[in-house]
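>>> what shape does this take:
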Amino acid sequence: MSNFKLIELKSWNHFFEITKDMVSMNTYTPFWNFRGQSDVDWSLSPSLARILKPKIAHPSNASKVESSLTHYFISNSKNFNEFINLNLNNYNKNLILVWSFMQHYGAPTRLLDWTYSPLIGLFYAVESSLDKDGSLFIMNNEIIGSASEKKYGKTDLGTYEDGNFSNSIDVVATIQNTKRSFNQQGIFTISNNPLLDHFEAIEELDIKENSAIKLIIPKTLKVELLKKLRGSNIRADILYPDAFGLGKEIVNIALTRANELDN
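Residues are numbered from 1 along each chain as shown. As a prediction, this is how the structure comes out:
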């Protein structure tokens with residue numbers, strides 16, 4: 001039996017019925033995290049694992065590739081304006097900070113993005129792949145983190161290069177201070193195993209019922225939900241506070257307008 005409770009979303013109001021008690025305020029690491037994905041068949045694999053898994057089977061080899069990517073990023077970051085006032089060489093022992101910057105700029109890492117906003121999570125589940133059902137993964141990170149620690153022991157968040165490749169799951173707050181990470185209310189899951197599918201890791205844990213949920217978003221609801229989210233000020237040009245976000249939001253406006261005219 002899966003640790004993930006499957007629920008098919010029926011409507012906008014149904015979404016609030018499901019998530020109404022999941023919003024945590026004034027906590028450093030809120031108890032409930034959300035990850036929206038536009039294709040229901042996708043699992044919970046970080047970008048590094050998606051790239052390396054077809055070619056590399058053992059985590060130790062993946063860690064070697066990861067180390068070279070990290071050092072390349074650190075050594076070349078000084079060439080870009082974004083890092084003029086931040087010498088990442090001073091942070092080479094704080095890998096989560098470096099990886100969070102890498103993730104922000106599109107480099108593959110072992111970090112998996114989540115948000116502590118259910119509405120932002122829903123946005124990412126409906127904003128694209130309109131011909132496919134989407135999904136919103138929901139997890140109680142306090143319960144899952146405790147279960148992982150019980151199974152694998154406490155993880156040292158200071159370094160992930162010590163040869164420990166257990167299937168642990170930890171939740172860490174976004175450390176780097178950017179407008180995008182602030183707007184997206186971001187948070188990460190991370191494992192000692194750089195190739196780990198986080199879905200499979202959660203499935204291995206002994207957790208309480210309803211601590212993990214996979215909410216299925218039917219493709220027929222996507223455009224309607226996108227319109228509702230715009231009305232709640234959850235828009236691409238806010239979540240991506242640059243010209244890229246503006247372009248994405250114009251695409252979303254086109255989709256909702258076309259749907260209105262078609263009906």
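>>> check which helix or strand the most centrally placed residue in the chain maps to.
Central residue of the chain (CA atoms, centre = their mean): D113, 2.0 Å from the mean position. For D113, the host element (DSSP states H and E) is strand 112-115.
>>> I'd like the next helix or strand past that strand.
helix 118-126.
>>> quick check: the residue nearest to the centre of the chain touching R35?
Yes. D113 lies in contact with R35 (CB atoms under 8 Å); the separation is 6.8 Å. Glycine gets a C-beta too; all of them are placed from N, C-alpha and C.
>>> shared neighbours, those two?
Common contacts of D113 and R35, defined by CB atoms under 8 Å, 6 or more residues apart in numbering, are absent altogether.
>>> any idea what the residue nearest to the centre of the chain is bridged to?
Per DSSP bridges, the residues bridged to D113 are F188.
>>> that one and S60, how far apart?
25 Å (CB to CB, to the nearest Å).
>>> for E17, same thing?
Counting by CB to CB - E17 and S60 are separated by 46 Å.
>>> same thing with I207?
28 Å.
>>> neighbour-wise, which of those two wins?
I207 (18 against 11; other CB atoms under 10 Å).
>>> so for stretch 33-45, first residue to last residue, what's the gap.
16 Å (CA to CA, to the nearest Å).
>>> check stretch 6-22 too.
17 Å.
>>> which residues touch P46?
P108, T109, R110, L111, L112, P194, L196, H198.
>>> tell me which two of these sit farthest apart.
With CB to CB as the measure, no two of the contacts of P46 lie farther apart than P108 and H198, at 14.9 Å.
>>> related to what we said a few turns ago, just among the contacts of P46, which is most surrounded?
Busiest of the contacts of P46 [other CB under 10 Å] is R110, holding 28 neighbours.
>>> now the nearest residue to it once chain neighbours are set aside: how far from S67?
Of all residues not flanking R110 in the chain, P194 sits nearest, at 4.4 Å (CB to CB, 6 or more residues apart in numbering). P194 sits 10 Å away from S67, going by CB to CB.
>>> could you do I187 as well?
24 Å.
>>> who has more neighbours out of these two?
Higher neighbour count among I187 and S67: I187, with 23 against 14, using other CB under 10 Å.
>>> the more buried one and I120: what is the separation?
11 Å.
>>> how about W42, what does it touch?
S135.
>>> so which helix or strand takes in it?
Judged by DSSP H and E, W42 forms part of no helix or strand.
>>> hmm, K151 is touching D206, no?
Yes. The criterion here is CB under 8 Å, and K151 meets it with D206 at 7.3 Å.
>>> ok so M22 is a strand residue?
No. Read with DSSP: H, G, I helix; E, B strand; the rest coil, M22 is coil and lies in no strand.
>>> distance of K150 from P46?
In terms of CB to CB, K150 sits 23 Å off from P46.
>>> for the residue nearest to the centre of the chain, what are its contacts?
R35, Q103, Q184, G186, I187, F188.
>>> likewise for I169?
Counting by CB under 8 Å, 6+ apart, the residues that I169 touches are I144, G145, S148, T189, I190, S191, H198, A201, I202, L205.
>>> do L6 as well
Taking CB under 8 Å, 6+ apart as the test, what L6 contacts is I213, K214, I216.
>>> good, wrapping up.
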